[in-house]
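>>> Here is a sequence with its predicted model. Questions after.
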Amino acid sequence: MRVQKYVDERGIDIIRNLRLLASDPTTFNDPFELSMGIRKQTDNEFINYLKSEETRGEMLKANPQMSEKEVYNYFSEKLEDHEWIKKFNNKKHELDVAHLKKARTRVGMVTRVICFSINENTEEDFKSDILMWSHYTNKHSGLKFHFEESKFPEDIQGFKVEYRDERPLNTASGEEFLKGLCIVKSSAWGYEKECRWLLTKEKCDVYDGANSYINIPPESIVRVDIGINSSDELKKELFSLLQKADLSHVEVYQAEIHPTLYKIEYKRINPPFPLL
């Protein structure tokens, strides 16, 4: 499968150093990144939560000095106290909110994300192409890279982003909790057809304290599209880099405005590349 990545002028680093920037997800432009929905339990739901064997087991672990019978009697007494139920249901909700905030911070500290788009050349993709160039390439002055996903490092797991109207709730755990934080987004973003690599900073090949990178083989880059407003300086460096033998297979296209439609069309530039 081929995937695409829209970048501004700085994205030339991808082909200059054959690496992909792995980003801190807390820096993304969507305020809902790394967040999940939290629905406060009703008092009756909280009572059922307290009655569960799992909750009583947790109570026993937290209070090893208490016997199982003492825990049972404690809960039986409290379940009749409606004011206590209301008070501690509110407290549990506050703790759930605080836990999610801490989880977001922890995930941001150790997790890095690389984002791609999947373009299948549908009519919908042609329309979203304009938006992607506008959102991610600094007014169409950057580049769009096309990658062959099968050529990427094998030990990195990719996920297609799931788009929903309702946010995932914080009831999941383990890997499902991480997925809920990192790969579920609002359906408003569905036009991006995004897929993501999730990895830890330790898996990155380069970490300089500010940025993390993954090295990629030259054969993973199959095509580069030049933005409508890309500078001659950017084109000149791109053409120079593509003179390397291990990049000679890369196709180059110039993005242009369609003469009659609200659409971007692409014109092939064949080597030898022009001197600018």
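Great, that's in hand.
>>> separation between residue 200 and residue 109?
Using Cβ to Cβ, to the nearest Å, residue 200 is found at 10 Å from residue 109. To be clear about C-beta, it is placed using only N, CA and C from the backbone, and glycine gets the same treatment.
>>> cool, and residue 204?
Per Cβ to Cβ, residue 204 is found 14 Å from residue 109.
>>> Contact partners for residue 216?
14, 18, 19, 20, 147, 151, 152, 153 (Cβ atoms under 8 Å, 6 or more residues apart in numbering).
>>> phi, psi of the second one?
Read it as residue 18. Here is the backbone geometry of residue 18 (degrees, to the nearest 10): phi 50, psi 60.
>>> And what about residue 72, helix, strand or coil?
helix (DSSP: H, G, I helix; E, B strand; the rest coil).
>>> list the buried ones in the longest helix along the chain?
Counting residues, the longest helix found in the chain (DSSP state H) is helix 82-110. Across helix 82-110, burial judged by 16 or more other Cβ atoms under 10 Å covers 85, 88, 89, 96, 100, 103, 104, 107, 108.
>>> just stretch 114-121 next, same as before
114, 115, 116, 117, 118, 119.
>>> Narrow those residues to those in strands?
Secondary structure from DSSP state E places 114, 115, 116, 117 of those in strands.
>>> will you turn these into CSV that also has distance to residue 243?
CSV is the format used below for those (distance: Cβ to Cβ, whole Å):
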residue, distance to residue 243
114, 27
115, 29
116, 26
117, 28
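>>> How are the helices of the stretch 51-200 of the chain distributed by residue range?
53-62, 68-78, 82-110, 123-136, 174-182 (DSSP state H, counting those that start in this stretch).
>>> hang on, the earlier thing: compare the contacts of residue 216 and tell me which is most surrounded.
residue 20 (26 neighbours; other Cβ atoms under 10 Å).
>>> which helices and strands sit right next to the helix or strand where that one lies?
Here residue 20 is covered by strand 19-22, with elements defined by DSSP states H and E. On a contact count with 3 or more Cβ pairs under 8 Å, 6 or more residues apart in numbering; DSSP states H and E, strand 19-22 meets helix 13-17, strand 111-117, strand 212-215.
>>> on that earlier part again, output the helices of the stretch 51-200 of the chain as TSV; include the columns mean pLDDT.
Output for the helices of the stretch 51-200 of the chain, formatted as TSV (pLDDT from 0 to 100):
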stretch	mean pLDDT
helix 53-62	80
helix 68-78	79
helix 82-110	87
helix 123-136	87
helix 174-182	81
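>>> Can you add distance to residue 260 and give these back as JSON lines?
Converted to JSON lines, those look like this (distance: least, Cβ to Cβ, whole Å):
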{"stretch": "helix 53-62", "distance to residue 260": "64"}
{"stretch": "helix 68-78", "distance to residue 260": "72"}
{"stretch": "helix 82-110", "distance to residue 260": "46"}
{"stretch": "helix 123-136", "distance to residue 260": "14"}
{"stretch": "helix 174-182", "distance to residue 260": "41"}
